[in-house]
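Novice: A predicted structure for the sequence below; I have some questions about it.
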Amino acid sequence: MGVFKIEGGIRLKGEVIPQGAKNEALQILCAVLLTPEKVTINNIPDIIDVNKLIAILEHLGVKIQRNGKGSITFQADEVNIDYLETEAFKKEGGSLRGSIMIVGPLLARFGKGYIPKPGGDKIGRRRLDTHFEGFINLGAKFRYNREDHFYGVEQTEEGLKGADMLLDEASVTGTANIVMTAVLAKGITTIYNAACEPYLQQLCKMLNSMGAKITGVGSNLLTIEGVTSLNGCTHRILPDMIEIGSWIGLAAMTRSEITIKDVSWENLGLIPSTFRKLGITLEKRGDDIYIPEHKDGYQIKTDIDGSILTVADAPWPGFTPDLLSIVLVVATQAKGDLLIHQKMFESRLFFVDKLIDMGAKILLCDPHRAVVMGHNFQSQLKATTMSSPDIRAGISLLIAALSAKGTSTIQNSEQIDRGYERIDERLRALGAKIVRED
C-alpha cells in the first residue's frame, strides 16, 4: 500500500498542464474494438484505471503501438473473444468499473460480450440496468450467472436492430455503451434522456469520424443510423475537467498563485462559476485559467434572499458529482457557510470525518448532505494520518493536507493514482513538499 507524506502550509506557484480526461479515455479506448483498422488516440492519461483498460485490450488481442507520451495506436484486427470467458479476465474486468464499456462494442462487432461485476470507487450502488436494458432493446439476449456475478449479452439470429428507447437514467457509461452498440445495428436507434457530457460528445464525434451516423450530439436526444462497418481514425482526448477543478480548489485552499494551461474553457460547464460562488477569483487568459494568491481568503456568496448557498450535483449540464468533495474541502477555510447536497451517490460524503479530525467544522446531516462552516483561515487544519477511500475523496484529503499545519500521512495512495497522473511530481514542481513511500 502506497503512502504520501505531505508537509502542509506551503504556498505554491507555477503552471500546470491538465492530463487527458480519465472518463473520456475509458469510453474512447473501448471504441477501438469497433473496427479492425488502426485507431490513434492522443493525450491518454497515464493513470492506473486507464492502464488497466489498456491491459485488458492487449489481452483481448488488440495490437498496441506506443508512439510517445500519451499517444497510442490500437488495431483490433485479431481479437480473441474467448479471452472473455477466462478466469484471468474475470479478475481483470472485475477490478475496473470502466471495463463494462467493452461489452457494447464486442456485442456489436462479434455478436457477444461478457463482463464480471465491475469494481471501482466505493461510493454507493451504481446500477448496470441501463446498459443491459439498452442491449436488450436492440435485440440482444441477456444472461446472468449469479454464482460468479458474471453478465453476458449475445446476438440472436436476427442480429441487432435499431430501436426507440427512453433511458431511465442519464447514465454516461450506459449511454456510451448503447451508442457504441447501435452504430453497427440495422436501422435507426433513438436514445432519449441520453447523457450529454463533453466526454460523451467526444465519443460521438470520434465515431462519426469513423463513419458512424449520429445526430443530436450535445443534446439528450441522440439519433443513430446503423452502418455495416467503421473505419480507423485519429482522436485527441480533452483535458480532464475534474483535474482542472481540483487544481482550482488546491490553489485557493493553499492560497497559491497557479496557472492551469489549455483547459478547453468551452467544455468546463458550471465549474468556473461554481468556484466563483465560493468567492474564488479565477481569470480567463486565452484558454488558460489564472488563480491569484488569495491573501485575504475568499467569501462564500449567499443566495439572493440571503439564505445559505447550496452546491448540488446533477447530470450534465449540471455540476459534476466528481467535484463536490473538492468544493466541500475548499469551503472549510472560506468565510461563510455552505450546504453540500450529493444527490447522485449515497456514500461520497463519508470521508468528512477525516476532515473533522483535522479541525474542520462540518455537520453531516445524512448520507447526502453536509453543512460546512468555514474557518476563514482563522484556524488552520491540523495534520493527521488518514486513508484515501476513493479517487475524489483522496484528492480532497490531499488538498486538506497541503493546507494543514504539520506533516500529514495519506495511506492507500493508489486510490489517488487511479485518477491523477504523477500527482506528487507535479506538486513538487510547484514547490510542494510531498514524498511517496511504498
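Specialist: Looks like it arrived, so ask away. None of the values given here were measured: they were computed from a predicted structure. Numbers count the residues shown, from 1 in each chain.
Novice: how many neighbours does the residue nearest to residue 103 when sequence neighbours are not counted have?
Specialist: Spatial nearest neighbour of residue 103, excluding adjacent residues (Cβ to Cβ, 6 or more residues apart in numbering): residue 113 at 3.7 Å. The way it works is simple: take the backbone N, C-alpha and C, and place the C-beta from them, glycine included. Neighbour count for residue 113, taken as other Cβ atoms under 10 Å: 27.
Novice: Please shift the residue numbers so they start at 55 in all later answers.
Specialist: Yes, from this point I'll number from 55; that puts the last item at residue 167.
Novice: quick one: strands adjacent to the strand or helix carrying residue 167?
Specialist: In the assignment (DSSP states H and E), residue 167 maps to strand 166-170. Using DSSP bridges, the strands paired with strand 166-170 are strand 204-208 (antiparallel).
Novice: Tell me which residues of stretch 345-353 come out buried.
Specialist: 345-348, 351-352 (16 or more other Cβ atoms under 10 Å).
Novice: do stretch 81-97 as well
Specialist: 81-89, 91-97.
Novice: Ramachandran angles for the residue in the chain sticking out farthest from the centre?
Specialist: Residue farthest from the centre of the chain, counting by Cα atoms, centre = their mean, is residue 211 at 36.8 Å. In terms of degrees, to the nearest 10, the main-chain angles of residue 211 are phi -60, psi -30.
Novice: next one: residue 432
Specialist: Dihedral angles of residue 432 (phi, psi; degrees, to the nearest 10) stand at phi -80, psi -20.
Novice: Kindly report the same for the one 10 residues further on.
Specialist: Phi and psi for residue 442, reported as degrees, to the nearest 10, are phi -80, psi 120.
Novice: tell me the contacts of residue 485?
Specialist: The contact partners of residue 485, by Cβ atoms under 8 Å, 6 or more residues apart in numbering, come to 64-68.
Novice: Name the SS class of it, please.
Specialist: With DSSP: H, G, I helix; E, B strand; the rest coil as the basis, residue 485 sits in coil.
Novice: which stretches of the stretch 55-204 of the chain have low pLDDT?
Specialist: 172-180, 202 (pLDDT under 70).
Novice: circling back: which one among the contacts of residue 485 gets closest to residue 292?
Specialist: residue 68 (22.6 Å; Cβ to Cβ).
Novice: That closest one belongs to a strand?
Specialist: Yes - Residue 68: assigned to a strand according to three-state DSSP.
Novice: Please enumerate the strands of the stretch 305-454 of the chain.
Specialist: Secondary structure of the stretch 305-454 of the chain by DSSP state E, counting those that start in this stretch: the strands cover 311-314, 337-339, 342-345, 363-366, 391-395, 416-420, 423-427, 439-441.
Novice: ugh, wrong one, I meant the stretch 105-254 of the chain
Specialist: 117-122, 125-129, 166-170, 195-199, 204-208, 218-220, 242-246.
Novice: need the ones you listed in a markdown table with distance to residue 229, can you?
Specialist: Formatted as a markdown table, these follow (distance: least, Cβ to Cβ, whole Å):
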| stretch | distance to residue 229 |
| --- | --- |
| strand 117-122 | 27 |
| strand 125-129 | 22 |
| strand 166-170 | 17 |
| strand 195-199 | 18 |
| strand 204-208 | 16 |
| strand 218-220 | 10 |
| strand 242-246 | 7 |
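Novice: ranking those strands by burial, who's on top?
Specialist: Most buried of those, by mean neighbour count (mean count of other Cβ atoms under 10 Å): strand 166-170, with a mean of 22.
Novice: Which residues does that strand contact?
Specialist: With Cβ under 8 Å, 6+ apart, strand 166-170 has contacts from 135, 138-139, 143-144, 147-148, 153-154, 156-161, 202-209.
Novice: From these, list the buried ones, please.
Specialist: Buried among the contacts of strand 166-170 by 16+ other Cβ under 10 Å: 138, 143-144, 147-148, 153-154, 156-161, 204-207, 209.
Novice: Perfect, I'm done here.
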